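Student: return a 3D structure for these sequence lines:
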Amino acid sequence: MSYSHDKVNPYDDATEKKQQVTGMFDNIAPYYDFLNRLLSLGIDRSWRRKAIQKLEAAQPKVILDVATGTADVAIEMAKRLQPEEIVGLDISAEMLSVGQKKIEKGGWDKCIRLQQGDSENLPFEDNTFDAITVAYGVRNFENLEQGLREMRRVLKPEGELVVLEFSRPRMFPFRQLFNVYFKYILPTIGRVTSKDPKAYKYLYESVQAFPDGQHFIDVLEKTGFKSNQCTPLSLGICSIYHGKK
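Tutor: Numbers count the residues shown, from 1 in each chain. From the prediction side, this is the model:
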């Protein structure tokens, strides 16, 4: 089965998803970090740390952070893994602008380099990176399998991929409470705060459409990754996927 998420777009069905996602993140970039903390009740920080821990044993020296956004994962990796270089790639110039300010303020600009680019057409040579991370980015790909194949292409042999993504809780009644929060409360807060009413409605819809859990493991295997594992976090709100080239 091929997952391209054609039916779940932030705004409409008239323009391609990639263009809409770029515009959406450009719109919400100034509010993105604040809303992440608020809407996740601060748990998003621990989720990122747990994802990065998956790379500690490998000690990668050159890392690509796909859909880097405002560079939270890149900065956390610089602190915890102390690699030689991290390249943060994102399609949204406004998100990268916010991230660049944080990098310069923290003095991470010698280690972290941000670059605008398309996750499904990576501007790097084959076998370039020891590890690749993606936090909350893969469900925004226009073509999920194409994006994963590209990441596998630029990974070195035995290089590691860590994906952090929202998933759907299965346990009653937590699943029902989560759905109410995600579908009604979160978009209301996002609409008032970010002035983009559709961005956080899209968040709920894109999570519902995303092939999480074993389904995503199957997609990883189909696109050539091996030793794939899924680690649910916080009763399944989030999941960490870890595989190798």
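
Student: quick one, helices of the chain?
Tutor: Using DSSP state H, the helices of the chain run over 17-28, 32-39, 44-53, 72-81, 93-106, 144-154, 174-180, 186-194, 199-209, 214-222.

Student: need the least confident one among those helices, by mean pLDDT.
Tutor: Per-segment mean pLDDT for the helices of the chain reaches its minimum on helix 186-194, at a mean of 74.

Student: can I get stretch 32-43 as CSV, trimmed to CA atoms?
Tutor: C-alpha atoms of stretch 32-43 as CSV (Å, rounded to 0.1, in the frame of the first residue of the first chain):
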residue,chain,number,x,y,z
TYR,A,32,5.2,27.5,17.0
ASP,A,33,7.5,27.0,20.0
PHE,A,34,5.0,28.6,22.4
LEU,A,35,2.1,26.5,21.2
ASN,A,36,4.2,23.3,21.3
ARG,A,37,4.9,23.9,25.0
LEU,A,38,1.3,24.9,25.8
LEU,A,39,-0.5,22.3,23.8
SER,A,40,1.7,19.4,24.9
LEU,A,41,1.8,20.6,28.5
GLY,A,42,5.6,20.7,28.2
ILE,A,43,5.8,16.9,27.5
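
Student: quick one: contacts of it?
Tutor: Stretch 32-43 has contacts (Cβ atoms under 8 Å, 6 or more residues apart in numbering) with 25, 28, 44-45, 47, 69-70, 72, 95, 98, 186, 189-190, 193-194, 200, 234, 237. In this view, the C-beta of every residue, glycine as well, is placed from N, C-alpha and C.

Student: switch to 10 Å and redo it
Tutor: The contact list for stretch 32-43, computed with Cβ atoms under 10 Å, 6 or more residues apart in numbering, reads 25, 28, 31, 44-48, 69-72, 92, 94-95, 98-99, 102, 136, 166, 181-182, 185-187, 189-190, 193-194, 199-200, 203, 233-234, 237-238.

Student: just the buried members of those residues?
Tutor: 25, 28, 31, 44, 47-48, 69-72, 92, 94-95, 98-99, 102, 136, 166, 182, 186-187, 190, 194, 199-200, 203, 233-234, 237-238 (16 or more other Cβ atoms under 10 Å).
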